[in-house]
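>>> Fold the stuff below for me.
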Amino acid sequence: MRSDFDLSVIEANGRSAAKAQLFEPQPKGPWRGNVEGARLDAPLTILAYGNETPGEGPLLHVHPYDEVFIVVAGNARFFVGDEVIDATAGDIVLGPAGVPHRFENLGPGRLQTIDIHHSPKWLQVDIGTEQPS
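Alright, predicted model coming up:
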């Protein structure tokens with residue numbers, strides 16, 4: 001049983017529980033959906049991304065905040081600054097604020113990620129214009 005903080009010093013912050021749909025159950029392309037934190041009165045934005053094609057993924061881009069990637073299914077190669085990180089289902093990768101990053105499906109099969117942007121609004125600058133070969 002966990003007891004990481006003193007309950008007597010915590011007060012509710014006045015927000016209500018909230019719900020939003022991140023994606024439809026059936027894939028309709030690589031960007032399956034996103035929920036900006038403002039819809040939930042939360043300080044983060046969630047995206048769902050997936051594709052079936054090895055070598056395919058988002059363009060090189062950068063955010064003014066941290067992004068955490070959760071690999072839900074498949075295998076991915078992340079390019080974060082000068083680092084190359086291979087990740088598989090169950091792994092988490094950090095893209096620090098201000099560091100250009102991208103990822104691609106390594107195959108075989110579908111890559112599915114949940115991407116957590118540490119911002120109530122999705123802010124991004126694309127640096128790449130096409131997928132590297």
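
>>> contacts and neighbour counts: CA atoms only from here.
OK.

>>> Straight-line length of stretch 7-17, end to end?
With CA to CA, to the nearest Å as the measure, stretch 7-17 spans 19 Å from end to end.

>>> who touches that stretch?
Under the contact criterion CA atoms under 8 Å, 6 or more residues apart in numbering, stretch 7-17 has outside partners D41.

>>> before we move on, what about stretch 64-78?
Contacts to stretch 64-78, defined as CA under 8 Å, 6+ apart, come from residues 84-98, 101-119, 123-124.

>>> Tell me the buried residues within the residues you listed.
By neighbour count, with 16 or more other CA atoms under 10 Å, those hold 87-88, 93, 95-96, 101-107, 110-119 as buried.

>>> Which ones among the contacts of stretch 64-78 lie within helices?
Using DSSP state H, no member of these falls within helices.

>>> For F103, see how far away V84 is.
Where F103 is concerned, V84 sits at a distance of 9 Å (CA to CA).

>>> And for the residue nearest to G37 when sequence neighbours are not counted, the neighbour number?
Of all residues not flanking G37 in the chain, P120 sits nearest, at 4.0 Å (CA to CA, 6 or more residues apart in numbering). Neighbourhood size, P120 [other CA atoms under 10 Å]: 18.

>>> how about P120, what does it touch?
E36, G37, A38, D41, A42, P43, L44, T45.

>>> how about a cut-off of 10 Å?
With contacts defined as CA atoms under 10 Å, 6 or more residues apart in numbering, the neighbours of P120 are V35, E36, G37, A38, R39, L40, D41, A42, P43, L44, T45, I46.

>>> Can you go through these and name the buried ones?
The neighbour-count test (16+ other CA under 10 Å) marks V35, E36, G37, L40, L44, T45, I46 as buried among those.

>>> TSV please, covering those and showing pLDDT and secondary structure.
Compiled in TSV, the buried ones among the contacts of P120 are given as follows (pLDDT from 0 to 100; DSSP: H, G, I helix; E, B strand; the rest coil):
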residue	pLDDT	secondary structure
V35	89	strand
E36	88	coil
G37	88	helix
L40	87	helix
L44	94	coil
T45	94	strand
I46	95	strand
